[in-house]
Every structure is written in C-alpha cells, then in structure tokens.
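>>> Show me the folded form of this:
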Amino acid sequence: MRQPGTRRPGTTQSTPHRTRPPLHRAAAAVLALGILPAVLSGCSGEEEPESPAATVEDGAALITITDFEFTLTGAVEPGATITVTNEDNVGHTVTSDEDGIFDVAVGPGETVTFTAPDEAGDYPYHCTPHPNMVSVLTVG
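This is a model prediction of the structure:
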C-alpha cells in the first residue's frame, strides 16, 4: 500500500485541474462587439457614394484600362478633363500617336487626369510599354 503523497516509480505527478472560464465565450463577446458597428452601419439603408474615379462631369470623359484594353465613354468636348483609371496590376500610359498632344502615365490601381486637345478631331493613342493597346480619342 502506498503512502499518501507518494507516487509510483515511472509516473508523473499531475497538476490539480483548475477551472477557467471558457475562452470561446470571451472571444465571441469581443468579436461581436468588434463587428457589430460594422454590421449595423451596413444596415442604414443609405447607398454608398460612388467612387470619385467613376464620376464623370458633363463634357468630361472616362478612360478605363482593364485587362490591357482601353474603354472610353465616348466623344469629348474640346479642353474637357479626361479621367483615366487603371484597373490592371501593371502601369500603362495614354500617349497620343502624334508627339506632344497628350502623354500621361497611370500606375496600377491609380487614377489620373489630363486635358483633351482644344481642336476637334480624332486623336489615336496607345500605351507606350504595351504597343498593342490602342484606341482613339474623339474630340468634337
């Protein structure tokens, strides 16, 4: 018979079991408090404002670059502001085929603006690093 407080050879002494509050309850409470304002703000019924890059004023134009292609909203007024949004993960340019008319660089995910030529006409343009990307800006 063993004496109280002694252990058998080759066994380890166990630590008395302590009761702790369940961690999952505390974590759930913290998580709920952290996301509750975000969830409630999405339920306000108000629509999110449009991104400034997606807003085009009268007489202005929007050129979007996606998957190495230009998309243009249409003809623009002479001297209009043109917004270029690059949705690709590489940089591009919007460069007129005729030197000196317009040439802007737009990095990945960036938006830039430039001014359309003052004279009506068709202005072919391209991307300098990707010469297969071509389009035409119509000013009229």
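
>>> pull the helix or strand with minimum mean pLDDT from the chain.
One helix or strand of the chain scores below all others by mean pLDDT, DSSP states H and E: helix 23-41, with a mean of 43.

>>> same question for the next helix or strand after that one, mean pLDDT?
Of the helices and strands lying after helix 23-41 in sequence (DSSP states H and E), the nearest is strand 61-66. Mean pLDDT, computed over strand 61-66, is 91.

>>> What residues sit buried inside the helix or strand just after strand 61-66?
Next helix or strand after strand 61-66 toward the C-terminus (DSSP H and E): strand 69-72. By neighbour count on 16 or more other C-beta atoms under 10 Å, the buried set for strand 69-72 is 70, 72. (Glycine included, C-beta is placed from N, CA and C.)

>>> neighbouring strands for strand 69-72, and are they parallel or not?
Sheet pairing of strand 69-72 (DSSP bridges) gives strand 61-66 (antiparallel).
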